[in-house]
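how would this look folded up:
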Amino acid sequence: MSADIRHTFRWAHLPFFEEEDEPTSLLGTVAQQVVALLDGQWGAAEGPGGRTGHLRNAEGGVFTIGVCEAGCVFLRNDTSGAVMHLPHVDADSSADEITEAAHEHIDELF
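Okay, the predicted model is just below:
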């Protein structure tokens, strides 16, 4: 897949407006909540079928929030390929718990 079409999601940026589509998945909601906590210009998007959430910073770096086959939540820097499982959260965790973990650990993947 070519780099220029890999991340063609519908990005939403702060402030989020009521007329924008609300995320329909847990991880899409998490992406929007993480963006609200981060400083600077970030965007959020829901992945295909709601299976992932995505973050994009002002420099064009894209991060993926997903769930692996074992049910652990991961955060991946799509540019560098660096990935980590978020501690203390899994597929059964609430959006708020996953948001807190992603926000706390995103700096480790830059």
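
Please enumerate the strands of this protein.
Secondary structure of the chain by DSSP state E: the strands cover 12-13, 42-46, 53-57, 62-67, 72-77, 83-90.

Out of the ones you listed, which gets nearest to residue 32?
Closest to residue 32 of the strands of the chain, according to Cβ to Cβ: strand 42-46, at 4.5 Å. All C-beta spots, glycine's among them, are computed from the backbone N, C-alpha and C.

Give me the contacts around that closest one.
9-14, 23-25, 27-28, 31-32, 34-35, 52-58 (Cβ atoms under 8 Å, 6 or more residues apart in numbering).

and if you look at stretch 92-103?
Contacts for stretch 92-103 (Cβ under 8 Å, 6+ apart): 26-27, 29-30, 33-34, 37-38, 65, 71, 73, 75, 86-89.

Skipping its backbone neighbours, what lies nearest the residue nearest to the spatial centre of the chain in space?
Nearest residue to the geometric centre of the chain (Cα atoms, centre = their mean): residue 54, 3.4 Å. Once flanking residues are discounted, residue 54 sits nearest to residue 45: 4.4 Å by Cβ to Cβ, 6 or more residues apart in numbering.

Any stretches of this structure with poor pLDDT?
For the chain, the stretches flagged by pLDDT under 70 are 1-7.

Do a quick rundown of the helices in it.
26-37, 95-105 (DSSP state H).

Give me whichever of those helices is most buried.
helix 26-37 (a mean of 22; mean count of other Cβ atoms under 10 Å).

how many neighbours does residue 85 have?
14 (other Cβ atoms under 10 Å).

Wait, it touches residue 69, no?
No. Using Cβ atoms under 8 Å, residue 85 is not in contact with residue 69; the gap is 11.9 Å.

Okay, buried residues for stretch 78-88 please.
For stretch 78-88, burial by neighbour count (16 or more other Cβ atoms under 10 Å) applies to 78, 86.

Identify all contacting residues around it.
6-7, 61-64, 68, 72-77, 97-98, 101-102, 105, 108-109.
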